[in-house]
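> coords please:
(2 chains)
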Amino acid sequence: MPEQGGVSPNVENMDALRKRLVIVPAFNEENSIGQVVEDILGSGLGLDVVVIDDGSQDRTGEIARTHGARVIKLPFNLGIGGAVQTGLKFAFRHGYDVAIQIDGDGQHVPSEIPHLLTPLLRREADVTIGSRYLGAHHYRTPFMRRLGMIVISAVNSLLIGQRITDNTSGFRAFNRRAIEFLSNHYPIDYPEPEAVVILGRNGFRLKESAVKMRQRLAGESSINSLGAVYYMVKVLLAILIDVFKTYPKAG
Amino acid sequence: MSIRIQIFAVCGSLAISFFIFELIRKRKMLEKYSLLWFGAAVVLIVLSLWRDLLEKAAAFLGVYYAPSALFIIAAFFAMMMFLHFTVVISRLSEQNKNLAQEVGILHEELRSLRQHSGQAE
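Below is the predicted model:
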């Protein structure tokens, strides 16, 4: 049997963080998922791929499987937070040292994964966030949405004492400690910005790496421009409540 | 408090109690979720029967017309129940989410196991 859930991986592998899983949450992404899986498997980084098919009505799951990914088909749509958490639970049980979260719509470029891995391999961080806005970037964001992100960034930075420029980025890498924590406490409402606050306030070291992201071609962002302000208010409320939540396994 | 409103109040509270009892008897409601309902019904029955107590409760609340106090108390119980339901629903959706995740993970592990043992799915 090549793999057994929960059985301890051997110690040498732990040191090199060699067991690496890429988690691809996907909801109706049959047009892009095949290429994403292929790019990840062909990256030469020794990555396993699990696609979390979040109740898609199209052939997302089947296509991902024929391209060589393991596929976890959720019985119904849980939303991005529930999907990513499924992948983290899977990663934890199967003894992965590193989990990388990447979107299934082709917005994130798998060749950028090394930028996320490096801080983890150097033990400089527990979680790396791929940022569109760090360094010289050419990523265009509609004005209102950008404004909302700046406010969220300012609030988050105040709450965790560290500047995070791209709080809504879904391109991230987690070490085993973060995988374990998040598989128990992954936020569901606004998972990306909330996870930043929860991780930061529970003693996890975060680090941002500049990554290139593709401009979204097809599909709608989950945040449309009209709703940007409303989204910002809801996120801020959720974040402020997160600050008062306690976590049994904190730290 | 007029005798008429008292009759309505008592009949209403009794009807609710009976209805709750029937729901539990037919196993359409779990006992643990019925406690608040029964509590509310009992308090309302007591207050409708025992005029003095209702007058005192109304005076304490600063309500001039005693039967209005019944509404306030009923509304309070209604609020408590809504809160209770929200807590129950939140717990259920958390459990539901965890179950969905388990089903998904187990299904994939089973498929993988079958494949490795050479069986067709």
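> from the chain's centre, how far out does the longest helix along chain B sit?
Of all the segments of type helix in chain B, defined by DSSP state H, the longest one is helix B:66-116. Distance, stretch centre to chain centre, for helix B:66-116: 14 Å (CA atoms, centre = their mean, to the nearest Å).
> So which bits of chain A are right by chain B?
A:1-3, A:5, A:50, A:52, A:70-76, A:78, A:82, A:85-86, A:89-90, A:93, A:188 (CB under 8 Å from any CB of the partner chain). (Glycine included, C-beta is placed from N, CA and C.)
> Throw together a PyMOL command that grabs the buried residues out of those.
In PyMOL, this line selects whichever of those come out buried by 16 or more other CB atoms under 10 Å in any protein chain shown:
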select buried, chain A and resi 50+52+70+71+72+73+74+78+82+85+86+89+90+93+188
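> quick one: B:Val87 and B:Met29, what's the gap?
17 Å (CB to CB, to the nearest Å).
> Where does pLDDT dip in chain A?
Where chain A drops to pLDDT under 70, the residues are A:1-16, A:137-138, A:216-226, A:249-251.
> Could you verify that B:Trp37 is part of a strand?
No: according to DSSP: H, G, I helix; E, B strand; the rest coil, the state of B:Trp37 is helix, so it is not within a strand.
> B:Ala41: neighbour count?
22 (other CB atoms under 10 Å in any protein chain shown).
> and it, what element?
Assigning secondary structure by DSSP states H and E places B:Ala41 in helix B:31-49.
> What are the contacting residues of that helix?
B:6, B:9-10, B:12-14, B:16-17, B:20, B:23-24, B:53-54, B:57, B:69-70, B:73-74, B:77, B:80-81, B:84, B:88 (CB atoms under 8 Å, 6 or more residues apart in numbering or on different chains).
> ok and it relative to helix B:66-116, angle-wise?
180 degrees (axes from the mean of the first three to the mean of the last three CA atoms, to 10 degrees).
> would you put the C-alpha positions of helix B:31-49 in PDB?
The C-alpha trace of helix B:31-49 is given here as PDB (Å, rounded to 0.1, in the frame of the first residue of the first chain):
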ATOM      1  CA  GLU B  31     -37.500  16.000  24.300                       C
ATOM      2  CA  LYS B  32     -34.300  18.100  24.600                       C
ATOM      3  CA  TYR B  33     -35.700  20.700  22.200                       C
ATOM      4  CA  SER B  34     -39.000  20.800  23.900                       C
ATOM      5  CA  LEU B  35     -37.900  22.100  27.300                       C
ATOM      6  CA  LEU B  36     -38.000  25.700  26.400                       C
ATOM      7  CA  TRP B  37     -41.400  25.300  24.900                       C
ATOM      8  CA  PHE B  38     -42.800  23.600  28.000                       C
ATOM      9  CA  GLY B  39     -41.200  26.200  30.200                       C
ATOM     10  CA  ALA B  40     -42.900  28.900  28.300                       C
ATOM     11  CA  ALA B  41     -46.300  27.200  28.300                       C
ATOM     12  CA  VAL B  42     -46.100  26.500  32.100                       C
ATOM     13  CA  VAL B  43     -45.200  30.100  32.900                       C
ATOM     14  CA  LEU B  44     -48.000  31.400  30.700                       C
ATOM     15  CA  ILE B  45     -50.600  29.100  32.200                       C
ATOM     16  CA  VAL B  46     -49.500  30.000  35.800                       C
ATOM     17  CA  LEU B  47     -49.600  33.700  35.000                       C
ATOM     18  CA  SER B  48     -53.100  33.400  33.300                       C
ATOM     19  CA  LEU B  49     -54.600  31.500  36.200                       C
END
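> Report the buried residues of that helix.
Applying 16+ other CB under 10 Å to helix B:31-49 flags B:Leu36, B:Trp37, B:Ala40, B:Ala41, B:Val43, B:Leu44, B:Ile45, B:Leu47, B:Ser48 as buried.
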